[in-house]
Structures are given as C-alpha cells and as structure tokens.
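Chemist: got a predicted structure here, sequence first:
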Amino acid sequence: MRLFQIGHLYPAQSAALSPSLARCSGHAEALDRLVAEVPKSHLLQPCLEGREDAFLSFVAEETSLRLWASEQGMPPGSGPEEIVLAQIEHHRAEVLYCVHGSALSGGFFDTLPGNVRCTVAWLGSPLVGDAYRRFDVVVSNFPSINRDHAAQGLNTAWFFPSYDPTVEDLPAVERDLDVVFVGGYTRHHGGRAELLEQLARAADDFHLSLHLDNSRYTPLADTWLGLFPPLSAVRRPRAIRRVARPALFGREMFARLARGRIVVNMAIDMAGTDRGNMRCFEALSAGALLVSDEGEYPEGFVPGETFVAYDGTPEDALERIRFFLADEEARSRIAAAGRRMVRERYGKDRQWRAFQRLVEGISLDDQGRG
C-alpha cells in the first residue's frame, strides 16, 4: 500500500511555525521539523517512520508545500490543492488518508490522480464543507457522530487516535504543575467555559496552567469593546483573563502536559455523550492523571482505573481535583495505569494494522477507482 496522508495543523500553530519553516534548506528539512512539532495521535506509523511508501503533507501549511513545489519546478503561483495533487501523483499514492478534510474543496476530487484507489477522512465533528461527501469512508472514534454522518448519507467506520510518542523525545522533568488545561475556548465550548471559570477562580489554591486557543475575536472582546454586543458574547470572564496564557501546540504542549500532575478535560458541546477526544489520548500519553467528564469512552478508559471521571459539573470536577492532588499514591497509580493502557491498546502498530484492515474492506466493497 502506498499511503498519502494529509495531516492537520491548527491555524495558530501554522502561523507560529511558518517563520522557522521558511528558513529550512528544503522540503525534507521542513517536513522533519513539522513532524517533530505537531501532535502525532492521528499520524500513521509509516509517515512517522519516513518510509518510502508513505508521504505526509499538510494542505494548510503553505511554506512546506511551496518548498516542495519549487524543488519540482512548479509555477510559483500554484495553489495549495494544486501542489497536494501533484504530490499525490508524484508519490503514486494508492490510499489517501486525510485528517483535515475541511481544508479541501469538493473540486479537489475532480482531478484526483487515477492511481488513488480509495480515500479515507477523519471527522470527529458535525459535517462541514463539501469534501467529506467525496471520500469513500469517513471515520472517527465517536459512535454517535458516526451514526449522524451515516444518516446524512456518508459511508462511516470506527477508527481511533493512538498513543502519542512525542513525550518520549522530551527530557525528563518534575511534575511541578498541579492542574493543566490546554484547548479551545469558543462559542462551541459553553460547558467547558463554565468549568474553566471555576478553575480560574480557584487558581490561588493550586498551581494552574491554563492555555487557551481562543476565538479570533477574543483580543477585541477582552478590551472595553467587549462590554457591548456582539463582542460581549465572546468576552472572557475576568477570572479567566487574569490567569489564561497563550495556546500551546505539539511539542510545546506535550512539554507542558508532562509537567502536569492532573490534566483536566471536557468534551465540546456538540459531542453528545461520546467521549475520547484527542486530548484524552495525549494526557494519558504524557503520563498525567486525566480528569474528564462522564460519558461513553473508548475501550480501556475505565473511571477510577485508567482515568478519573466527574459528573460534568465544575463543582464535582474541583472536588475530584482537590482529592487527587492530596492523594499522591492514588493519583500516580491511576496515571501510570492510564499511560500503560493507551500505549498497549492504542499503540502506533495497532493503529496501523487497524487502518490496513479498514482499507482492505473498502477495496473489497469498491474494487478500486478504475
């Protein structure tokens, strides 16, 4: 199988990485730097190993794309999709796996090279854009989201993020942060916002490290302009403004998680009862105690054994945080069991074997693209 994977980058991370990528001597160096810096739960094993039969690209990261295009003699004005299509053809890819389908247009598939025999996309949120309807199968580890997508006419399958090995490349550090939160803070995070405000109000009681990826309107909303509509809807409470720090991604994020005794998590509002977002896998990979809201978790996520569940209210979350900060033995035992579970049950090798089985099923059903 010749694999082509399109990875995902948050816009803020792409902007932060772009200056250093522009200083790279070529595409190979830029890609190595990207792989070192981005989260790896969704990156398949052959791409991480740099195998000849695998190619990794980031459609939302134009600096690395243009380095490749320049090396191949493509016109300077070539667009990101045009470059990715050229990469797919150059690699002679048979399988396309996209973790960032919303970055593609529906027209992308009209000129997809004929060597591609099946296409797979990850989508762990409601359907957006035109591209997802063009994939052979859309996957996630959220059963109810998969059912919703199937009801909208998509072919769906269950697939999972993996243990993230990023932390293994970091120097050993002391866990000197009591509570760490890293994640989004937007209009889709109503329950999460309430939890974070309560954590912020209790920040004098423990060492809190709160890193928020905010709405693009937040800088304005946090000024006096945010006292008035429409910015007042995204203005952050005073307690959060006082303690919040800039968003962290990839390697920097893992360095922070590795210092945390507890990593707190809450699913976004649109998740329903499904649980198991990527932060759960990352927190366990980093060896922290995951404290997350109750719901339907993937196999191996057992409350009280591999992580700690709270009832979804900020009050219960704070009560459990205080309890496990005081009980070092229980905290360390559950955190160690969680990390062991995610390495064994959701390791890179198992993820890759599961993906191969998935593709074999698509090939049997579809018999290729002709």
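Modeler: That came through, no problem.

Chemist: which residues are contacting stretch 221-235?
Modeler: Thr186, Arg187, Ser215, Tyr217, Thr218, Leu220, Arg236, Arg241 (Cβ atoms under 8 Å, 6 or more residues apart in numbering). From N, CA and C alone the C-beta is placed, and that goes for glycine too.

Chemist: okay, and which of the residues you listed map to helices?
Modeler: Members of these lying in helices (criterion: DSSP state H): Thr218, Leu220, Arg241.

Chemist: what number of residues lie near the nearest residue to the first one once chain neighbours are set aside?
Modeler: Spelled out, that is Thr218. Excluding the flanking residues, the one nearest Thr218 by Cβ to Cβ, 6 or more residues apart in numbering is Val234, at 6.2 Å. By the criterion of other Cβ atoms under 10 Å, Val234 has 18 neighbours.

Chemist: go on, Glu52?
Modeler: When neighbours are defined as other Cβ under 10 Å, Glu52 has 9 of them.

Chemist: quick check: it vs Val38, distance?
Modeler: 21 Å (Cβ to Cβ, to the nearest Å).

Chemist: do the same with Thr186
Modeler: With Cβ to Cβ as the criterion, Thr186 and Val38 are 21 Å apart.

Chemist: who's more crowded, those two?
Modeler: Counted by other Cβ under 10 Å, Thr186 and Val38 do not tie: Val38 has more neighbours, with 24 against 17.

Chemist: where does the more buried one fall, phi/psi-wise?
Modeler: Backbone torsions of Val38, given as degrees, to the nearest 10, read phi -90, psi 160.

Chemist: contacts only, for the nearest residue to it once chain neighbours are set aside.
Modeler: Nearest residue to Val38 in three dimensions, chain neighbours excluded: Gly250, at 4.8 Å (Cβ to Cβ, 6+ apart). Applying Cβ under 8 Å, 6+ apart, we find Gly250 in contact with Gln13, Glu37, Val38, Pro39, Thr166.

Chemist: how does it look with 10 Å?
Modeler: 9-10, 13, 16-17, 34-40, 164, 166 (Cβ atoms under 10 Å, 6 or more residues apart in numbering).

Chemist: what about Gly295, how many residues nearby?
Modeler: So Gly295, with other Cβ under 10 Å, has 16 neighbours.

Chemist: measure it to Gly272 for me?
Modeler: For Gly295, the distance to Gly272 - Cβ to Cβ - is 8 Å.

Chemist: packing partners of the helix or strand hosting His149?
Modeler: For His149, the host element (DSSP states H and E) is helix 143-151. For helix 143-151, the elements it packs on are strand 137-140, strand 156-158, judged by 3 or more Cβ pairs under 10 Å, 6 or more residues apart in numbering; DSSP states H and E.

Chemist: let's see that with 7 Å instead.
Modeler: strand 156-158 (3 or more Cβ pairs under 7 Å, 6 or more residues apart in numbering; DSSP states H and E).

Chemist: list the buried residues of the strand it packs on.
Modeler: Thr156, Ala157 (16 or more other Cβ atoms under 10 Å).

Chemist: what lies in contact with it?
Modeler: Residues from elsewhere that reach strand 156-158 (Cβ atoms under 7 Å, 6 or more residues apart in numbering): Val137, Val138, Val139, Asn141, Asn146, His149, Ala150, Leu358.

Chemist: can you name the residues bridging to the second one?
Modeler: When bridges are assigned using DSSP bridges, the partners listed for Val138 are Ala121, Thr156.

Chemist: quick one: low-confidence residue ranges for this structure.
Modeler: 187-189, 268-271, 363-370 (pLDDT under 70).

Chemist: so which residues of the stretch 51-200 of the chain form helices?
Modeler: For the stretch 51-200 of the chain, applying DSSP state H, counting those that start in this stretch gives helices covering 62-71, 80-91, 143-151, 190-201.

Chemist: nearest to Glu329, of those?
Modeler: Nearest to Glu329, of all those, is helix 190-201, at 23.9 Å by Cβ to Cβ.

Chemist: and that closest one, what does it pack onto?
Modeler: strand 177-185, strand 208-214, helix 238-243, helix 314-326.

Chemist: Glu37 - how many residues pack around it?
Modeler: Glu37, neighbours per other Cβ under 10 Å, totals 19.

Chemist: nearest residue to the middle of this structure?
Modeler: Met278 (5.2 Å; Cα atoms, centre = their mean).

Chemist: test my guess that that residue contacts Ser162.
Modeler: No - proximity of Met278 to Ser162 does not meet the contact threshold set by Cβ atoms under 7 Å, at 10.0 Å.

Chemist: what's the overlap in contacts for the two?
Modeler: The contact lists of Met278 and Ser162 share Ser41, where a contact means Cβ under 7 Å, 6+ apart.

Chemist: so what are the domain limits for the chain?
Modeler: Listed by automatic domain parsing, the domain ranges of the chain are 3-162+347-366, 165-345.
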